[in-house]
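S.K.: I'll drop the sequence and a predicted model, then ask my questions.
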Amino acid sequence: MSDLFKGYKGEALAALKKFNVRVWSEAQIKTTRGNFEGIILPRSENDDERHIVLKLITGYNIGITVETITGMKEEGYKEAHYKIPEKDFPYSPEKPNVKLFGTGGTIASRLDYRTGAVIPAFSPGELYGAVPELADICNLTTEKLFAVFSENMGPQQYTTLAKAIGKEIENGIDGVVIGHGTDTMHHTAAALSYMIQNPPVPIVVVGSQRSSDRPSSDAALNLMHACKTAAESDIAEVLVCMFGPTSDKYGLLHRGTRVRKMHSSYRSTFRTIGDIPLATVDRQEIKLIKQDYNLRRKDKKAKITPVFEERVALVYYYPNMQPDIIDSLVANGYKGIVIAGTGLGHVNKPVYPAIERATKAGVAIYMTVQTLWGYVHMFVYDTGRDLMAKGIIPSENLLPEVAYVKLGWALGQTADLEKVKELMLTPVNGDITEREPYDGYLIFQGGTPEIKEFLKSNLR
């Protein structure tokens, strides 16, 4: 297919040819539902034959059904440019030095018009070309470690990243930023929290919910907030930096062991669970919310333990779960299992024998709660006590994904289950807390009188 009509076929292709309008042209389209102006975009090769895609001047894309079109006129033409030019980052001796590691994800992405999907495409150097304000914050050097969506991040990437960060710390870097896809950002943040303990500088994981070609993209602001945190904050921990409210007011700094993605598309998707965020950050300042954190230091030392046992599973319990779920994991050589149980940490009785067989075979099994907020309490009911008698170990208020990562990290160091237990139940960077603060559990229920009044008073 000619690039003049890239991706179009059938009725849509016929309409473009009829009115002599090309892909990437600036066009006016008259339809029975109104008139539209914008740029004709290529179609995904997997899409239907009945729509023409138009990028409006607002930046949003719409599909126009061919049978509604009464006329089209090409007003201009622009060649497609997929690549943002890379620029050498300007250096200022008075500014802090920050290292940006690129792993992929939406903060470093573009739209692939062949499939219609967002794909990793910007190198870290290109990010400066897109966000020149970064030069006002720090001296930024970049290194592209991976170019993967976050669902493809795993133990190999965690350990590689931890080692690379360790080298930067040894070289005296003032802060580290990791560009990362949001889907599994909390897994990577937890892994780095265990693999890099007591760092002397901030290590900030950042991404975006909306790609850089969208007018509502949070990529640039999140990146500015993350770089400011890495350059200036005295919080020397692994942090996740993402939008706070749905507006552009500020970002939140979440502890890497207590954060979770809670919405598929909101920009304010990340929440600290069972605790409160460490700080807010905007382009002017960083405001602390908590006072207990690891302080920035001038030395170049950190405890780096880049290990992970891959034969670990996270099992979400559901009613009528069958014992062969557990048996199959054991048969396939899994060394650890984290169960997200109901309530205070429960599963049904038919699974009990499989759990007992697993623990007798030397498999480490830990219980978390799928409620997310709250603690495992297995002494309250007979079911919990029975499960502990069969070898399950309660894991306090570790989040399920964090417990999974921590168990992989612990088993990567030792096969001694008592030592694994000691590692699992020793608090690291706030992953297990003595208590949850009263405002660490807040779920606003829309539609209630209280929330209606709150929104009326606080949102304009």
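M.R.: Yes, it's here. Keep in mind that what you see is a predicted model, and the values were worked out from it rather than measured.

S.K.: Tell me which stretches of the stretch 101-250 of the chain form helices.
M.R.: Along the stretch 101-250 of the chain, the stretches classed as helices by DSSP state H, counting those that start in this stretch are 124-130, 155-170, 185-195, 219-232.

S.K.: Out of those helices, which is the most enclosed?
M.R.: helix 185-195 (a mean of 28; mean count of other CB atoms under 10 Å). In this view, the C-beta of every residue, glycine as well, is placed from N, C-alpha and C.

S.K.: Out of the helices of the stretch 101-250 of the chain, which is closest to Thr68?
M.R.: Nearest to Thr68 among the helices of the stretch 101-250 of the chain is helix 219-232; the distance by CB to CB comes to 33.8 Å.

S.K.: Quick one: mean pLDDT for that closest one?
M.R.: Taken as a whole, helix 219-232 has a mean pLDDT of 93.

S.K.: out of everything not next to it in sequence, what's closest to Ala410?
M.R.: The shortest distance from Ala410 to any residue other than its chain neighbours is 4.0 Å, reached at Leu423 (CB to CB, 6 or more residues apart in numbering).

S.K.: you'd agree that neighbour is up against Gln413?
M.R.: Yes. Counting by CB atoms under 8 Å, Gln413 is a contact partner of Leu423 at 6.9 Å.

S.K.: Looking at those two, which one has more neighbours?
M.R.: Each of Leu423 and Gln413 has its neighbours counted (other CB atoms under 10 Å); Leu423 has more, 20 against 15.

S.K.: residues touching that one, list them.
M.R.: Lys406, Trp409, Ala410, Gln413, Thr414 (CB atoms under 8 Å, 6 or more residues apart in numbering).

S.K.: May I have the secondary structure class of Lys73?
M.R.: Of the three states, Lys73 takes strand under DSSP: H, G, I helix; E, B strand; the rest coil.

S.K.: wait, doesn't it sit right on Glu26?
M.R.: No. With contacts defined as CB under 8 Å, Lys73 does not count as touching Glu26, sitting 9.8 Å away.

S.K.: Spell out which residues make up each domain of this protein.
M.R.: Domain assignment for the chain by automatic domain parsing gives 3-77, 97-304, 312-425.

S.K.: Just the C-alphas of stretch 262-277, formatted as CSV.
M.R.: The C-alpha coordinates for stretch 262-277 follow below in CSV (Å, rounded to 0.1, in the frame of the first residue of the first chain):
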residue,chain,number,x,y,z
MET,A,262,-5.0,1.6,41.7
HIS,A,263,-6.6,2.8,38.4
SER,A,264,-6.1,1.7,34.8
SER,A,265,-6.1,5.2,33.3
TYR,A,266,-6.2,8.0,35.8
ARG,A,267,-3.1,10.1,36.0
SER,A,268,-3.4,10.0,39.8
THR,A,269,-3.4,6.2,39.7
PHE,A,270,-0.6,5.5,42.3
ARG,A,271,-1.5,5.4,46.0
THR,A,272,0.4,4.7,49.2
ILE,A,273,-1.5,1.8,50.8
GLY,A,274,-1.7,1.4,54.6
ASP,A,275,0.4,4.5,55.2
ILE,A,276,0.8,8.0,53.8
PRO,A,277,3.1,9.4,51.1
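
S.K.: From the chain's centroid, how far away is it?
M.R.: Computed by CA atoms, centre = their mean, to the nearest Å, the chain-centroid distance of stretch 262-277 equals 10 Å.

S.K.: returning to that earlier point: take the helices of the stretch 101-250 of the chain and lay them out in CSV including distance to Thr368.
M.R.: Listed next are the helices of the stretch 101-250 of the chain as CSV, based on distance: least, CB to CB, whole Å:
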stretch, distance to Thr368
helix 124-130, 35
helix 155-170, 20
helix 185-195, 13
helix 219-232, 29
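
S.K.: mean pLDDT lowest for which of those helices?
M.R.: helix 124-130 (a mean of 65).

S.K.: residues in contact with His51?
M.R.: Ala12, Arg43, Gly63, Ile64, Thr65, Val66 are the contacts of His51 under CB under 8 Å, 6+ apart.

S.K.: More neighbours: which of Lys73 and Glu26?
M.R.: More neighbours surround Glu26 than the other of Lys73 and Glu26, with 17 against 14 (other CB under 10 Å).

S.K.: Quick check: the residue nearest to Ala410 is in a strand.
M.R.: No. Using three-state DSSP, the assignment for Leu423 is helix, not a strand.

S.K.: Next one: it relative to Val307, how far apart?
M.R.: Distance, Leu423 to Val307, by CB to CB, to the nearest Å: 11 Å.

S.K.: which residues do the two both contact?
M.R.: By CB under 8 Å, 6+ apart, the residues touching both Leu423 and Val307 are Trp409, Gln413.

S.K.: so where do the strands sit in the stretch 251-400 of the chain?
M.R.: In the stretch 251-400 of the chain, the strands defined using DSSP state E, counting those that start in this stretch lie at 251-255, 259-261, 270-272, 279-281, 286-288, 303-304, 312-316, 336-341, 364-369, 393-394.

S.K.: Just checking: what are the partner strands of the first one?
M.R.: Based on DSSP bridges, the strands next to strand 251-255 in the sheet, each with its direction, are strand 238-243 (antiparallel), strand 279-281 (antiparallel).

S.K.: returning to what we had before: wait, which of the helices of the stretch 101-250 of the chain is closest to Gly345?
M.R.: Closest to Gly345 of the helices of the stretch 101-250 of the chain is helix 185-195 (CB to CB; 19.9 Å).

S.K.: Brilliant, that's me finished.
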